[in-house]
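# structure for this input, please:
(chains A and B)
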Amino acid sequence: MSKVAITVNGTLHTKEVEDRTLLVQFLRDHLGLTGTHVGCDTTQCGACTVIVDGKAVKSCTILAASIEGASVSTVEGLADGEKLHDVQAAFHEHHGLQCGFCTPGMIMASVNMIERHDGVLDEATVRHELEGNLCRCTGYHNIIKAVLSAAEKHRTAHAVAAE
Amino acid sequence: MYETTYHKPGTLQEAVSLFSEVEEAAYLSGGHTLIPTMKGRLAAPAHLIDVRRIPELSGITVGPDRIIIGAATTHATVAASEKIRALIPSLCGLAGSIGDVQVRHVGTIGGSVANNDPAADYPSAVLALDATLHTDRRSIPASEYFDGLYTTTLEPGEILVRIEFKVPEIAGYAKFRNPASRYALAAAFVARHRDGNIHVAITGAGNAGVFRWTEAEEALQARFEPDAVKGLLPDENDLMGDMHAPADYRANLVGVVTRRAVENLGGILIE
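Predicted structure coming up:
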């Protein structure tokens, strides 16, 4: 057992967990944050994507003990009360989901992508960077539209902020 | 996953001592092969020794004719390194073609090179760029490092610390991926070194893992142009044949990716 302290969505959580505890189990089973999904459990589908210290990662393939002291963002931390995050709103507006199972991972990968590229994205880059997220319903088109729309909003907001 | 005990040593000495003191230990870097293997109960190390906090395994050093990369450097860091791009752009391209964004944020060059998966990308660059593998106890030339599928000449408990690549005059990398797994069915790293020697390293296809394709090297040595390897194929008895691709198909692909690597010197081509 290890005592693990991880900041999740701005709140520090300290838990005594087995060393074999995966980050996704830490989030879902120990903190009750079930927004992060387990899809394939083999590092392929990306449904478990969360952001650790500014990088999108697959939480099913990281030991919680190995990120002691890190800062983690999950889908639960995006909305501001009733107000959806721009990426969540864009997925809603463009109907970027059907069953919704992959959506938390898609959204966290997209949030991280838009931040890393400062909103400067084209369709080819979005498709390439979403290679690690599988959706078995929508066929991706509306997901790509949603990400491009949120990226544009990010650019506009930052351009205004810079003026 | 079976129970395991996690350790996070801060020094090389501590890591190596720990490995020798406990039973059934394994070193952990990015863990993007080891953790899935443990989840599938195909590996069950009683102790995991995480090497990512050891300072010697971090950092990228660039000299005029050498690039030295710490073993715990992630694929994303190599892909984005402007220092590396200025000298070996194909190495950045190779790193950026591994797995997907999330995998590249965690997986490490040392993990890939120590694991020696026959479909991994990095071993081809290690062979073609005549790298030296620096460990906690010695330096191993690339030609004496790879030792068959998932096997290297690293001793039990030996830690891969840094990988030193020779900067070539020019290099190119081309990969043909399995459309489902995205792993290489065949990939070629071609480098012309500053002394004029040409190295062609093939990954994804060999039944003993990564290998130097000497016939192609000789042909390219005579004439360094894509069609110099036209009609040349490796012996299919030396290649893997499996449900993804039979050996004769892989032999043809080896010819194709080698030609494409020469067509894309200074860059990469991923299909």
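# list the buried residues for the lowest-mean-pLDDT helix or strand in chain A?
Lowest mean confidence among the helices and strands of chain A (mean pLDDT, DSSP states H and E): helix A:141-162, at a mean of 92. The neighbour-count check on helix A:141-162 (16 or more other CB atoms under 10 Å in any protein chain shown) flags A:142-155 as buried. The way it works is simple: take the backbone N, C-alpha and C, and place the C-beta from them, glycine included.
# just the strands in the chain please.
You didn't say which chain, so I picked chain A. A:2-8, A:11-17, A:49-52, A:55-58, A:71-73 (DSSP state E).
# you looked at the wrong chain, it should be chain B
According to DSSP E, the strands that chain B contains are B:5-7, B:25-28, B:47-50, B:60-62, B:66-70, B:132-135, B:139-141, B:160-166, B:170-177, B:184-192, B:198-203, B:211-212, B:268-270.
# I would like the residues contacting the second one, please.
Outside of strand B:25-28, the residues within contact range by CB atoms under 8 Å, 6 or more residues apart in numbering or on different chains are A:63, A:66, B:6, B:15, B:18-19, B:34-35, B:43, B:45-52, B:114, B:157, B:159.
# buried ones from those residues, can you make that a ChimeraX selection?
To isolate the buried ones among the contacts of strand B:25-28 in ChimeraX, judged by 16+ other CB under 10 Å, type:
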select /A:63,66 /B:6,15,18,19,34,35,43,45,47,48,49,50,51,52,114,157,159
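# in helices, which of the contacts of strand B:25-28 appear?
B:15, B:18-19, B:34-35, B:114 (DSSP state H).
# which one of the residues you listed sits closest to chain A?
Chain A lies nearest to B:Ile35 out of the ones in helices among the contacts of strand B:25-28, by CB to the nearest CB, at 4.9 Å.
# what about A:Ile62, how many neighbours?
If you count neighbours by other CB atoms under 10 Å in any protein chain shown, A:Ile62 ends up with 26.
# rewinding a little: could I get the strands of chain B as a markdown table with mean pLDDT and distance to A:Ile6?
Output for those, formatted as a markdown table (pLDDT from 0 to 100; distance: least, CB to CB, whole Å):
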| stretch | mean pLDDT | distance to A:Ile6 |
| --- | --- | --- |
| strand B:5-7 | 98 | 14 |
| strand B:25-28 | 98 | 18 |
| strand B:47-50 | 98 | 16 |
| strand B:60-62 | 97 | 28 |
| strand B:66-70 | 98 | 25 |
| strand B:132-135 | 98 | 32 |
| strand B:139-141 | 98 | 38 |
| strand B:160-166 | 98 | 29 |
| strand B:170-177 | 98 | 35 |
| strand B:184-192 | 97 | 35 |
| strand B:198-203 | 98 | 37 |
| strand B:211-212 | 98 | 43 |
| strand B:268-270 | 91 | 35 |
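# turn these into TSV, including distance to B:His105.
Shown next, in TSV, are these (distance: least, CB to CB, whole Å):
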stretch	distance to B:His105
strand B:5-7	20
strand B:25-28	16
strand B:47-50	16
strand B:60-62	16
strand B:66-70	16
strand B:132-135	24
strand B:139-141	28
strand B:160-166	20
strand B:170-177	20
strand B:184-192	21
strand B:198-203	22
strand B:211-212	30
strand B:268-270	19
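# of all the ones you listed, which one is nearest A:Leu97?
Nearest to A:Leu97 among the strands of chain B is strand B:170-177 (27.4 Å), distances taken as CB to CB.
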